[in-house]
Each structure stands twice: as C-alpha cells, then as structure tokens.
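Q: need a structure here:
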Amino acid sequence: PPSVEEGILYTGPVEILTTTVLRAVAFKEGYVPTDVDTHRYIFIDEVIVQDNSPEGYPSTWKSRPGLDDRPADYEMDPEVTEDPRYADLMRPALLSSPTISLVTDVANLFDRDTGIYQNPQHTGSLWERPVSMEIIYPNGRESYQIDCGLRVQGGHTRDPERMPKRSWRLAFRKEYGSSEMEHRLFAEPDATEKFDTLVLRGGANQSWLHHNGFRGDNRARAQYIRDQFAKNMQGRMGWTYLHNNYAYLYINGIFWGLYNPTERATNYFGESYLGGEEDEYDAINSSELIDGEPDRWSMLLSLVHKNLAIPANYDRVANLLDLEQFTDYMLLNHWGGNEDWDHHNWYALGNRVDGKFGFYTWDSEFFFEAAGSNTVLKNTENNPGGIFHALLENAEYRLLVADRIHQHFYNGGMLTTDAALEEWNELS
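A: As a prediction, this is how the structure comes out:
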C-alpha cells in the first residue's frame with residue numbers, strides 16, 4: 001500500500017498501458033490520511049498469454065512436510081488457449097462473468113514460512129491476511145472495492161498433494177475498514193445486499209483440477225453446477241437458501257480461474273434473511289458451533305436420543321426444529337444421492353429467542369455423482385441422518401414426510417424431472 005514513505009507522488013495523469021494495480025492515498029498536514037483506494041486494470045489479451053514466471057513469485061509451491069516442492073502454476077495453459085477449438089472463445093469467455101480481483105503483498109500469500117497459499121493447512125485468525133477485493137463487471141456496471149481479510153477455506157482442498165487451487169474466505173471487519181460489504185452481489189430479488197463474510201469456492205470434486213485417483217474419474221464428470229444447483233433447489237422448494245453465482249478470480253492481476261462466490265450460514269446470515277438480531281442466532285457447521293451458544297443445539301441432540309414415538313418427546317423436538325424445512329432438506333439430499341454428507345457438509349441455524357433450527361445445503365459436489373448413489377439409510381449420530389431416522393419412529397412425523405414427498409415428487413413439484421431440469425439447464 002502507498003504511504004508517505006513508499007509510493008510515487010501524484011503530479012499528473014497516470015497512463016495505463018498494461019495490466020496494472022493502481023493504489024492511491026491522500027495525505028494533508030493536520031488531517032487523518034484517506035483510506036487506500038485500489039483498482040485493478042486488466043487487459044484480457046495479456047491475460048490469455050499469461051506465462052508461468054511472473055516477476056517476484058516463487059517458482060515452486062510447498063507440498064506436505066517431508067515431500068518435495070511442486071512446480072508453481074501461474075500460466076494460462078497454451079494447450080487450451082492456442083487450441084483452434086477454443087482460441088477464439090477465450091476473450092468472450094473471460095468477459096462473460098464478473099471478475100473478482102484480490103490485491104495483496106505477494107509475501108502474504110507466497111512467503112515460504114508465513115504465506116497462506118504456501119501453508120494452506122494452517123487455520124485460524126493468525127492465518128488471515130489483509131487484501132483489497134474489487135468486483136469488476138464486463139457490462140459497464142460500476143465496480144466495487146473494499147478492504148477485507150483473506151483466509152484459505154475448505155477441507156481436503158487444503159492438501160497441496162490433492163489440489164493446487166485454493167478456495168478462499170473473505171472476512172469484512174472494522175480493522176480493515178468496514179464491518180460489512182454493502183453491494184448487490186447476487187441478482188435474485190430475495191438476496192441480501194450486506195455481507196460479513198463470503199466464500200469463494202474453487203471447486204474440487206467433479207472438477208478439472210481433481211487428481212483422478214480419488215473416487216474414480218472426477219475429471220470425466222467435471223462440472224461447476226452441482227453445489228449451486230443444490231442450494232438453488234432448496235430455494236425453489238420454498239426455503240431460505242445460500243445464494244451463489246460465478247466469477248473469474250485474479251490475484252494481483254494473475255488469472256486464477258473460475259470461482260463460485262457463495263454466502264455462509266452464519267449468525268449474520270440469520271439476521272439478514274430470517275429477522276431478529278445477529279447475536280440471537282446459533283450457527284452450527286457440521287456439528288461445530290461457529291456462532292452463538294451451544295445450549296439449544298445440545299438440547300435438541302439430547303431429545304433426539306429419547307423415544308420420539310412418545311408424543312411429548314416429539315413435541316419438544318418440534319419446538320426446537322422446523323420439521324417441514326428439515327424434512328425438505330433431507331428429501332433434497334436423498335434425491336440427489338449426496339454421498340459426501342451427512343457426516344459433514346451441512347449448516348444448521350436457529351434463533352434462540354423465538355425461532356427453530358433449520359438446515360442449509362453446503363458443498364454438495366457429490367449431487368448426482370452416480371445413478372446408484374443412495375443416501376436414504378444414512379443414520380449418523382448427531383448429524384442430519386441420525387435426527388431424521390429418530391424422528392421416523394413417530395407416526396405423525398411419517399405422515400409429514402409422506403406429505404412432503406407428495407408435494408415435491410408429484411404434480412410438477414420441484415423434485416420432478418421437468419422442474420429440476422429447468423434449474424439444471426439454466427445453470428448449464
């Protein structure tokens with residue numbers, strides 16, 4: 001970032017002839033300095049011929065401890081960009097979706113000891129770095145820029161042996177300038193315009209970047225649809241859901257691939273979509289409390305272990321869990337054969353003052369992986385499947401499940417083939 005000690009004093013217009021990061025700040029004696037404004041100017045023709053040795057970047061990336069480094073990969077692969085089948089498509093493709101530009105000191109990402117890209121398996125606040133995030137639109141819409149924190153996001157994609165492409169989490173905090181991002185990122189009319197965090201999903205399973213030896217031939221099934229499809233379908237079934245869209249990511253002007261910005265089911269998300277106050281919500285990420293207090297979630301799990309065929313026990317669960325929302329969530333994941341679930345990849349969110357817990361689809365890259373996938377019998381303790389099978393002991397709940405099946409699987413319901421294909425084809 002520019003400062004009194006570092007940078008170039010402005011004396012006249014700055015000529016932009018190549019891909020450039022321009023950062024500006026103003027100082028005046030007796031006044032507090034302005035914020036640093038950051039804008040990235042990207043020349044698409046230069047991006048397409050991006051080479052593999054940008055100045056100031058390491059030529060290797062760390063692997064797991066004890067293993068040799070791996071060659072760094074910054075280029076746009078000429079096997080694609082120069083292929084006659086694709087060469088003429090590159091420029092319009094890179095202008096077909098919004099661009100997200102991240103700008104930060106190279107060392108924040110690639111320092112061997114402290115860079116978060118070089119050390120992706122480290123977690124927590126000590127591994128968050130300051131970054132400028134700018135959204136650039138190809139259709140003339142005004143761009144948006146904000147300073148925020150950046151962390152590596154995800155599970156097995158943190159393993160350098162499995163995945164060279166990182167997913168990211170953006171955190172909007174006062175220490176960086178603003179505690180929330182105010183911008184219409186998602187086009188849906190029901191989407192919020194305020195965020196305290198965003199996840200930039202890089203795509204892992206069923207993607208081009210996956211190593212083929214794990215769970216069969218992932219690359220042959222490569223699509224960037226499944227997770228967004230599952231989230232959108234939860235919305236089409238009539239429930240609050242996590243919005244997504246697509247964007248191209250650049251890091252300090254280097255093209256980093258197609259990403260999938262998405263919301264995260266935090267307590268802030270609860271206030272934005274369900275009402276009440278942020279500090280009234282308890283948020284659970286795959287059994288781990290991430291916001292709020294544990295008492296109501298622990299109470300729900302303890303009740304689930306009782307005999308729910310007894311009406312009084314069932315009623316107490318119904319006071320803590322939105323049974324219709326939960327049932328539809330389960331039907332969606334059963335219908336999609338979501339095999340990388342329910343032991344993880346789910347969120348639950350509830351207002352402890354006057355609300356009930358609901359469940360939210362997350363990281364559903366195994367939707368429709370194989371025709372024979374069957375998750376109906378998953379009955380993992382203290383996870384969605386365990387809760388579902390405990391509830392099935394109650395006759396009233398079995399009738400509720402039958403009602404929801406009739407609503408969604410018959411008469412043009414959202415889980416009928418024609419209705420689902422409409423959403424799938426739109427994403428395609």
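Q: Packing partners of the helix or strand hosting residue 402?
A: Residue 402 is located in helix 395-409, with elements delineated by DSSP states H and E. Counting contacts by 3 or more Cβ pairs under 8 Å, 6 or more residues apart in numbering; DSSP states H and E, helix 395-409 packs against helix 311-318, helix 323-335. (Glycine included, C-beta is placed from N, CA and C.)
Q: Dump these into a markdown table; add mean pLDDT and distance to residue 27 as well.
A: As requested, those are arranged in a markdown table below (pLDDT from 0 to 100; distance: least, Cβ to Cβ, whole Å):
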| stretch | mean pLDDT | distance to residue 27 |
| --- | --- | --- |
| helix 311-318 | 98 | 61 |
| helix 323-335 | 98 | 53 |
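Q: sorry, back to before: so how far is the helix holding residue 402 off the chain centroid?
A: 31 Å (Cα atoms, centre = their mean, to the nearest Å).
Q: Show me which positions of the following helix or strand past it end up buried.
A: The first helix or strand that comes after helix 395-409 along the chain, using DSSP H and E, is helix 417-427. Within helix 417-427, the residues that qualify as buried by neighbour count (16 or more other Cβ atoms under 10 Å) are 420, 423-424.
Q: go on, stretch 132-151?
A: 132-136, 144-151.
Q: ok, so of those residues, who is nearest residue 194?
A: residue 146 (11.8 Å; Cβ to Cβ).
Q: Hmm, the closest one is touching residue 133, no?
A: Yes: the pair residue 146 / residue 133 is scored as a contact, 5.7 Å apart, by Cβ atoms under 8 Å.
Q: ok, residue 366 - contacts?
A: 205-206, 226, 337-341, 373 (Cβ atoms under 8 Å, 6 or more residues apart in numbering).
Q: measure the nearest residue to it once chain neighbours are set aside to residue 18 for me?
A: Nearest residue to residue 366 in three dimensions, chain neighbours excluded: residue 340, at 4.2 Å (Cβ to Cβ, 6 or more residues apart in numbering). According to Cβ to Cβ, to the nearest Å, residue 340 stands 43 Å off from residue 18.
Q: Tell me which of those two has more neighbours.
A: Between residue 340 and residue 18, counted using other Cβ atoms under 10 Å, residue 340 has the larger neighbour count: 18 against 10.
Q: Got phi/psi on the more buried one?
A: phi -90, psi 50 (degrees, to the nearest 10).
Q: ok, now which ones touch it?
A: 205, 363-366.
Q: Also residue 87?
A: Contacts of residue 87 by Cβ under 8 Å, 6+ apart are residue 81.
Q: I'd guessed residue 225 sits against residue 426; true?
A: No: using Cβ under 8 Å as the test, residue 225 is too far from residue 426 to be in contact (9.9 Å).
Q: Dump the buried residues of helix 417-427 to CSV, plus distance to residue 33 and pLDDT.
A: Shown next, in CSV, are the buried residues of helix 417-427 (distance: Cβ to Cβ, whole Å; pLDDT from 0 to 100):
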residue, distance to residue 33, pLDDT
420, 54, 97
423, 49, 95
424, 51, 95
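Q: still on that earlier bit, sort out for me which of the contacts of residue 340 are in strands.
A: Residues of these located in strands (DSSP state E): none.
Q: how about those residues, which pair is most distant?
A: Taking Cβ to Cβ, no two of the contacts of residue 340 sit farther apart than 205 and 364, at 9.8 Å.
Q: remind me which residues of the stretch 51-200 of the chain are low pLDDT?
A: Scanning the stretch 51-200 of the chain for pLDDT under 70 picks out nothing.
Q: that older thread, with distance to residue 60 as added columns, please give the buried residues of stretch 132-151 in JSON lines.
A: Below are these laid out as JSON lines (distance: Cβ to Cβ, whole Å):
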{"residue": "132", "distance to residue 60": "26"}
{"residue": "133", "distance to residue 60": "27"}
{"residue": "134", "distance to residue 60": "29"}
{"residue": "135", "distance to residue 60": "31"}
{"residue": "136", "distance to residue 60": "30"}
{"residue": "144", "distance to residue 60": "35"}
{"residue": "145", "distance to residue 60": "32"}
{"residue": "146", "distance to residue 60": "32"}
{"residue": "147", "distance to residue 60": "30"}
{"residue": "148", "distance to residue 60": "29"}
{"residue": "149", "distance to residue 60": "27"}
{"residue": "150", "distance to residue 60": "22"}
{"residue": "151", "distance to residue 60": "23"}
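Q: Of the residues you listed, which belong to strands?
A: Short answer: the buried residues of stretch 132-151 in strands (DSSP E) are 132-136, 144-151.
Q: Strands of the stretch 151-300 of the chain, start to end?
A: 167-171, 181-182, 194-195, 197-201, 247-251, 254-262, 281-285, 288-291 (DSSP state E, counting those that start in this stretch).
Q: Mean confidence (pLDDT) on stretch 6-20, please.
A: Across stretch 6-20, pLDDT averages out at 93.
Q: That one spans what distance, first to last residue?
A: 17 Å (Cα to Cα, to the nearest Å).
Q: Buried residues of that stretch, list them for me.
A: residue 19.
Q: I'd say residue 423 and residue 229 touch.
A: Yes: Residue 423 is within contact range of residue 229, at 6.3 Å (criterion: Cβ under 8 Å).
Q: before we move on, the earlier item: ok, the contacts of residue 366 vs residue 302, which is closest?
A: Nearest to residue 302 among the contacts of residue 366, counting by Cβ to Cβ, is residue 341 at 23.1 Å.
Q: If we ignore the residues flanking it in sequence, what's nearest the closest one?
A: The nearest residue in space to residue 341 (Cβ to Cβ, 6+ apart) is residue 333, at 5.9 Å.
Q: picking up where we left off before, any chance of the strands of the stretch 151-300 of the chain in a markdown table, with distance to residue 399 and mean neighbour count too?
A: Below are the strands of the stretch 151-300 of the chain laid out as a markdown table (distance: least, Cβ to Cβ, whole Å; neighbours: other Cβ atoms under 10 Å):
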| stretch | distance to residue 399 | mean neighbour count |
| --- | --- | --- |
| strand 167-171 | 41 | 21 |
| strand 181-182 | 44 | 16 |
| strand 194-195 | 39 | 20 |
| strand 197-201 | 38 | 21 |
| strand 247-251 | 44 | 22 |
| strand 254-262 | 35 | 19 |
| strand 281-285 | 28 | 22 |
| strand 288-291 | 33 | 14 |
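Q: Thanks again, I'm all set now.
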